[in-house]
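Enquirer: Model the structure of this input:
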Amino acid sequence: MIAPTASRRTVDAGPRRRIDTVPGLAAVVDAVPACDVARCLLLVAVAVVDVGGVGAEPVVVQLLSQWRTAGQVEVSTRMELTELCRQAESIALDPRVEATMRDAAFRRARALTCLHFASAATAVGLPVAALREALRESSYEASSAMRGPAGVIGILRDYAAG
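Expert: The predicted model follows:
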């Protein structure tokens with residue numbers, strides 16, 4: 001008797017990343033030239049601030065100001081951002097909260113998490129691989145905050161090679 005799986009071979013393509021679950025997003029992120037990854041991080045972050053409705057938060061204003069003026073974001077600001085994200089996550093996961101409020105909190109948390117990944121990549125001297133991974137994570141979170149990948153893909157397509 002032949003085992004049912006004997007004729008099936010699987011090729012291990014490596015670990016699956018979260019971004020791979022969003023059709024088309026990983027390919028366009030990976031097609032962004034290394035010299036444009038940092039610029040794309042900023043563009044995705046600014047877009048998610050607008051669409052995610054988090055631009056009025058003082059910590060977000062402070063983060064964007066630091067990023068614009070110093071080219072990097074202070075650790076203390078990122079810690080404040082993390083706390084704000086935890087609060088949004090808490091609301092999103094609370095079954096006692098109305099469904100529309102949970103959905104809004106979920107999108108808000110995704111927008112804040114996108115900012116967290118993007119701002120962490122502002123540290124001086126990060127290798128391109130770390131910047132690209134930050135772009136992957138930021139893009140994934142932004143696509144959740146924006147209710148789909150079209151906006152993120154649109155931003156990145158302008159820079160994608162090929």
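
Enquirer: Look up how far Asp36 lies from Arg157.
Expert: Distance of Arg157 to Asp36, computed by C-beta to C-beta, to the nearest Å: 12 Å. Just so you know, the C-beta spots here come from the backbone N, C-alpha and C atoms, and that holds for glycine as well.

Enquirer: next one: Ser138
Expert: From Ser138 to Asp36 the distance is 14 Å (C-beta to C-beta).

Enquirer: ok, now Arg102?
Expert: Counting by C-beta to C-beta - Arg102 and Asp36 are separated by 36 Å.

Enquirer: Which residue, other than its chain neighbours, is closest to Gly24?
Expert: With C-beta to C-beta, 6 or more residues apart in numbering as the criterion, Gly24 has its nearest non-adjacent residue at 5.9 Å, and that residue is Ile153.

Enquirer: and the helix or strand hosting that neighbour, what does it pack onto?
Expert: Using DSSP states H and E, Ile153 falls within helix 150-157. Secondary structure elements in contact with helix 150-157, counted by 3 or more C-beta pairs under 8 Å, 6 or more residues apart in numbering; DSSP states H and E, are helix 25-30, helix 37-52, helix 128-145.

Enquirer: Residues contacting that helix, please?
Expert: With C-beta atoms under 8 Å, 6 or more residues apart in numbering as the contact definition, helix 150-157 has outside contacts at 24-25, 28-29, 31-32, 40, 43-44, 47, 51, 139, 142-143, 146.

Enquirer: what does stretch 97-116 give?
Expert: Outside stretch 97-116, the residues touching it (C-beta under 8 Å, 6+ apart) are 44-45, 48-49, 51-54, 60, 63, 78, 81-82, 84-85, 88-89, 91-94, 137-139, 141-142, 144-145, 147.

Enquirer: at 6 Å instead, please
Expert: Outside stretch 97-116, the residues that touch it by C-beta atoms under 6 Å, 6 or more residues apart in numbering are 45, 48, 52, 54, 81, 84-85, 88-89, 91-92, 138, 141-142, 144-145.
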